[in-house]
Structure formats: structure tokens, C-alpha cells
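Okay, predicted coordinates and the sequence, questions at the end:
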Protein chains: 2
Amino acid sequence: MIRTLAVVGTGLIGTSVALAAARRGVTVHLLDADASAVRTAELLGAGTAKPPEEPVDLAVLAVPPSKVADVLSDQQARGLAHSYTDVASVKAGPEREVLARAARPTHFVGGHPLAGRERSGPLAARPDLFKDRVWVLTPSRLTSKPTFDRALDLIALCGGVPTVMQSGAHDETVALTSHAPHLMASLIAARLGGRSPVTALLVGQGFRDATRIARGEARLWTDIIETNAAEVAGVLTALQTDLTELLTAVGELSLRDPRHRARSRQNLTGLLERGVAALEALPAPASGPLAADTAHVDVTIAERPGELARLLDTAAASGAGPDTVAAPLFPQGPDGPLVIRFELAADEADTLAEKLASAGWDVVQHPDVRDETELALVGLPV
Amino acid sequence: MIRTLAVVGTGLIGTSVALAAARRGVTVHLLDADASAVRTAELLGAGTAKPPEEPVDLAVLAVPPSKVADVLSDQQARGLAHSYTDVASVKAGPEREVLARAARPTHFVGGHPLAGRERSGPLAARPDLFKDRVWVLTPSRLTSKPTFDRALDLIALCGGVPTVMQSGAHDETVALTSHAPHLMASLIAARLGGRSPVTALLVGQGFRDATRIARGEARLWTDIIETNAAEVAGVLTALQTDLTELLTAVGELSLRDPRHRARSRQNLTGLLERGVAALEALPAPASGPLAADTAHVDVTIAERPGELARLLDTAAASGAGPDTVAAPLFPQGPDGPLVIRFELAADEADTLAEKLASAGWDVVQHPDVRDETELALVGLPV
């Protein structure tokens, strides 16, 4: 296990790693070019600003992707640590630079925890930032076993879910799931600039959610996009093609041209349906990389106004979370019972059934039949 | 005040309106072509499925925008209500149709409450869905004063914030703040389709937030986009131009061409910064259309590891919400005190200062100086 850790860069991610490790008894040394960031992290209890007297077990380089190889070379020359990892959201470019320039590339393994917050800096740090979050490791062809194992130890300390990918596959995927969506959100947000205050009145929760990622620090994100520019350009080109098709459909609908109307409407609905289907295919967020089993709880209720509202209130008070879906199964005949079916995570279903029954509700089906959902994990190195 | 209400269309919005009105003692009649939707709304306590024996004070048409004029004509012929309003998110097209076709267009006023949920249908309804939310009314040149006043009564019953706009200005704005963002989110989400399960591992909270709106029902959204097609096409055209410029910058960065590198990086940072600035200029979401005053609370702390974490924990336990920002004001000299400044809504600052002081913290500045932020409301008809 890791006993000593150095964190280079005490922003949101670096300080969160330091807090998680410090709370598990690891001695953490904090380094940052910005003295006030180190001081803030120290005041938070994330570790000490004093440099280590001998090399630590592992150093985490929490710096922008373009700086990873330089900081690694520099710190290896000073003998900061036995092993090194980073937390940048781009992996192939830094890996190439490390292989080309670092004195001991065997002592480095790339890493990317999928966690972040709207806010940045050490004050936004939380020791549980990585709990149940995917943390990708991208070992190069030279990464040594002890270095890989130390990075795994760190992920375990932080409560993350270790996952292994090749750096190139990682970058191609995050261009699609993170970098291009960020840029599209920035384009949409920037269009608000310079408009009258009336516009802000019509900004609802949907717009706020859709553009939240665009609040990220502009200089850090320029560095990220630049380091992954080829993959990002590929996704943007595909989106541009999609947008042109979409614009053709919407443009034809605006002309109210009856010849193309049915086809344009079909194209528009098709796009919207593909989006919905792709999102519904994603595993539930709380469950981490493995989709949770789901189960049903069926309850018979009297057909009285307000009876359903009373049941839903009891269910919410009994711990049925926001992802719980309730649906009425209307009876076939006029005299059949009215059944409300709850669909929720299997491990919550037993509790809900018990609590509803003890509150006097007529629970007709305990969660015995379960829908098994499976998602293969990618080469966990355990 | 309204004593009787009819709701035509018992989906999410219609049922939420009905629940809010029923809880305030209004007699609510529920109508929907889908019998099980009406039955579910009735079971929730949203009103009665029985038709009214005489015209109700106000009928709310909670139907897709393309159906508003037809449903209005139909219900006016049956004498359902004295006045009518709708809740569709597009206003100019339906208004044109109402003026052209309705028997009594004076008895109609367009409406659009800015509230929604990821989930649809009556089971997702909540009586507080509209609380503190902007609710736009778009009176036509023929709308009568009694009809306008009844719509205002309804908004008051629901706890909404009444706002008045011209239907055309409304549609141009929501194309930018709602319809185009929805389509862009759909484009991004649809790109996930058909990819390997590994992709889902790298889908973080940012992607989920950015694409949440794209989960909306595809057929309803086709209707919305089609009814506002000209305005939406205008915004998409502008976004296409922006995307082309962005792609030029990212493409040049991917070629690592030193000639264009500095300029491309500058263009990219500029876009990201414009997005951040536009989002930061939005008023805080909880405060509704009027931005809240902000105030400071300054606390002196001892410079000990963990001391800041202890203060932040106390502040969170004292009701400092997630929008509260804390920043250290580092002393100029080596012996100056270390001050932590909290920035939060003025009406929360007094409470926080008191609670921190009574928990033993050294509160050096009570919230006396306030930053006044003003946002003009648009012609409230009061």
C-alpha cells in the first residue's frame, strides 16, 4: 500500500485526491506554483506544504495535459517519487511525450478519473469526489508492474472504479463524450451574449443543465482541446454533417412546403428518437459502470381520488429514490383491482415492499422476478 | 378569483396545473383523449373526470402547439369555459391560427410556464412545479381584460411569476434558449448510438447534464420545432457558422501548423470565454427573474491544517447553500489575520453570520455592504 504521496497541482482534482489519501492515513506532500493554492489545500487538511525528505511512493501530476511530460521530467530529475501518474483528460499526446523525453518512462502510468465539478480550485475539493466514479488507467508499453499497482492502490484509496484502456481509444472516446459536447455547449452559451435581459427570463433549467459544462475554466479547456485536437476535429466534422441535415429538415418545415413536409418531419423525429434511444441505453448514473438490476413492486389501491398521491408520498418517504418509476396497470375488466407498479433498483425493492406493507398498503408482489442487465467491464487488471 | 377550472390534456403540465388549483380549493374538471391519463390524474387528486354542468371560469389547453387552435375552436363550440389559455412553448403560430379561426378569439390568451421535467405524463406531475417559475402570457391584439385577468389568477394560484411578451419575441427567444439547445443535445446524444459499451464508461456527469433535455418525447418536440421552424432555423444557421469557425481553429491545432497555432488557440479560448461570460451574466436560478442581492460574511480563522475544512462544514450545517462561494483573503504581511470571505444571497448572509458567531467563529464583518444587482422586469401588467 501507498504510505507517502505527493500531489503536484492543488486545484480541484489534486486537492480532492490529497484529501482522500490524507483521510486514509497517507502522508501527503502538496506542491503548486501558486503558493496560495498550496496554503488553502493545507488549511483544508489535505497534507503538508513541506517537501518530502526522501522519494514518496507515488506522485500525482494534477496539471494540464500539455504540461504532464515536462513536469514529469522535472520531478524525476529531483527524485520526488518512485512512481508517477497524472489525472489529465487527454492521454495519447502526453504518453507520446513521456516515452520520447522522460528519463524513466517505466515509472509512469497515465490516469484519468471521471470526476469534476462546475467549480474549480482547492476550495471546491471533496474527499469523496471519486467515490464510485470510473478512473481510467492507460499504461504505456513501458509502464512497470509496481507503478501500475501503486496507481491501483491510489484509486482504491479514493473509492474509484479502476478501468484500463489504451490511450488512443480513451482519447477518441472522450472527444465524443466530453470535449465536443463541451464545445457545443460553449457555442450555444456564447449566442446569449449581448442579448437583452429579457432573454434571461426565458432561460429555464433545461438550458442551464445543457450549458453547465461550458462554465469550465477557458484556459484549461483550451489546453485540453488542443492536446486532443485531431480526435475533437473528427467529432466536430461529424456533428457539422448532422447539423447540415437537420437544418435542411427544419428549413423545409419553415417554408411550409407541402412536398417535403412529411419527409422533413420524419427526419426530425428520427433524429430526436435516436437521441432518446442512445440516452436510454446508458446505464443509470448512480450505479457506476455496472448497471443495477431492476425489480418490480406491485401495490393494489382503491380507486379513490387522491389515493395514488397518498401512495406516492408513502413511497417517497420510504426511500424510493428519484429514479423510481411508478405506472398504473389498469385492470382489464370493470371489477378488476387497480395495481400500481414501481420499478426500481433491485436492492431497494425489498425495503420499499416491506415499508409499504407495514404502512398498511396492499403489496401484491414482492420483488422476486428480476431483470438482469449486464455490461461487460473492460479488462479489469485484478 | 377562479372558482372552476377545466384542464384539457392531463400530461405533466396539465396535471400539475390541476393539482396546484385543486389544492387551493378550485373545482377542477379533467379532459384527455387518453382515458387512462385522466384516470391517473383523478387518482392523484387533481380533479374530477366528470364534465362541468355549466361553463367553467377558465380552461387550460395543455396540448401540443399545433393543436391549440383546433382544440380551442372545438371547446368554444361546446361552451366549456368563459376564458381559455394554453401552455405550449410556441406562441406566434397558434395565435395566428386562433385569430384566423376561433369563434371568440377575445376569450383566449396564450401562455407558457417555463417549467418541465425530464419525465412526462401525469405521474410526474407536482403541484409546486411552477413555484417561482416565469410564466409568460402573450395577449393578442384581441385578448379581453377579463380573460387576461383570469390567466393572471391561475398563475397566482400556481405560485408562478407572471411576465408579458409579444408572441413573436417569445418565439425568437425560446428558439435560442430552448429549441435549438434541445436539437444540439439530440445531435450529440445520437452520436453515441451504436458504439461499444466501453463508451458508456466514459460518460460522466457533464455529458448527462448536457444531454438531459434530449430525453424529451420525440413526437411532442417534433411538433414544437415544426411550429417554430423559421426561428429555430435562424438559430441553427448561426450555430452552423459558429461551428465552421470553431472547426477551422481546432483543425489547425490538430495539424500542429506553427503559422496558425497562436491565432487558432486565441480563437478557441475566445469562444470558451464568451460562453463562460454569457453564463455568468445569467441571474442565479433559485432567485427567479429578479437577481438576488449578494452580501459578504468575513470570518477570521487560525492558520492550522484542517481549520478551513472545519469552518466550511459549520457553514454548510448553518444553511449556506451550494451557491455560496468561499474564498480566502490571504494577509499582506506575515502576521496579518487570515480571513475567509463567504459570498451569498443577502437574505441568507445575516443567518449565516449569526450561526457562525454562535458556533464560536470569529465573524469580523456582518453583511452591511450589499452589491445591488438589478434586472428590469418586462412590463408586468400590475
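Right, received. Where do you want to start?

quick one: buried residues of the longest helix anywhere in chain A?
For chain A, the longest helix by residue count, based on DSSP state H, is helix A:229-255. Buried residues in helix A:229-255, counted by 16 or more other C-beta atoms under 10 Å in any protein chain shown: A:229-236, A:239, A:242-243, A:246-247, A:249-254. The C-beta positions use only the backbone N, C-alpha and C, and glycine is treated the same way.

A:Ala41 reaches A:Thr48, doesn't it?
No. Assessed by C-beta atoms under 8 Å, A:Ala41 is found out of contact with A:Thr48, at 9.8 Å.

okay, now A:Ser167: neighbour count?
Look at A:Ser167: counted by other C-beta atoms under 10 Å in any protein chain shown, it has 21 neighbours.

dump the residue contacts of it.
Contact analysis of A:Ser167 by C-beta atoms under 8 Å, 6 or more residues apart in numbering or on different chains lists A:91-92, A:95, A:110, A:138, A:140.

quick one: which of those sit in helices?
Among those, the residues falling in helices (DSSP H) are A:92, A:95.

For the contacts of A:Ser167, could you give me JSON lines that also reports distance to chain B, pLDDT and neighbour count?
Below are those laid out as JSON lines (distance: C-beta to the nearest C-beta, whole Å; pLDDT from 0 to 100; neighbours: other C-beta atoms under 10 Å in any protein chain shown):
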{"residue": "A:Lys91", "distance to chain B": "11", "pLDDT": "97", "neighbour count": "28"}
{"residue": "A:Ala92", "distance to chain B": "12", "pLDDT": "97", "neighbour count": "22"}
{"residue": "A:Glu95", "distance to chain B": "16", "pLDDT": "97", "neighbour count": "28"}
{"residue": "A:Gly110", "distance to chain B": "14", "pLDDT": "97", "neighbour count": "28"}
{"residue": "A:Thr138", "distance to chain B": "12", "pLDDT": "95", "neighbour count": "24"}
{"residue": "A:Ser140", "distance to chain B": "19", "pLDDT": "95", "neighbour count": "19"}
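
sorry, back to before: in terms of packing, which of A:Ala41 and A:Thr48 has more residues around it?
Legend: neighbour count by other C-beta under 10 Å for A:Ala41 and A:Thr48, higher for A:Ala41 (32 against 16).

Check the spacing between the more buried one and A:Asp34 real quick.
10 Å (C-beta to C-beta, to the nearest Å).

what residues are shared contacts of these two?
A:Thr10.

Pretty sure A:Leu64 sits against A:Ile225.
Careful, residue A:64 is Pro and not Leu. No. A:Pro64 is beyond contact range of A:Ile225, at 11.1 Å (criterion: C-beta under 8 Å).

Could I get the full set of helices for the stretch 251-382 of chain A?
Here the stretch 251-382 of chain A has its helices, by DSSP state H, counting those that start in this stretch, at A:258-280, A:307-317, A:346-358.

who's in contact with the longest one?
Where contact means C-beta under 8 Å, 6+ apart, the residues beyond helix A:258-280 that reach it are A:242, A:245-246, A:248-250, A:252-253, B:183, B:185-193, B:211, B:214-219, B:221-222, B:225-226.

If we use 6 Å, what do you get?
Contact with helix A:258-280 is made by A:249, A:252-253, B:186, B:189-190, B:192-193, B:211, B:214-215, B:218, B:221-222, as judged by C-beta atoms under 6 Å, 6 or more residues apart in numbering or on different chains.

CSV for the residues you listed, including pLDDT, distance to B:Ala81 and secondary structure?
Shown next, in CSV, are those (pLDDT from 0 to 100; distance: C-beta to C-beta, whole Å; DSSP: H, G, I helix; E, B strand; the rest coil):
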residue, pLDDT, distance to B:Ala81, secondary structure
A:Ala249, 96, 37, helix
A:Glu252, 94, 37, helix
A:Leu253, 94, 32, helix
B:Ser186, 97, 36, helix
B:Ala189, 97, 40, helix
B:Ala190, 97, 41, helix
B:Leu192, 94, 45, coil
B:Gly193, 90, 44, coil
B:Thr211, 96, 39, helix
B:Ala214, 95, 35, helix
B:Arg215, 92, 33, helix
B:Ala218, 94, 31, helix
B:Trp221, 95, 28, helix
B:Thr222, 96, 29, helix
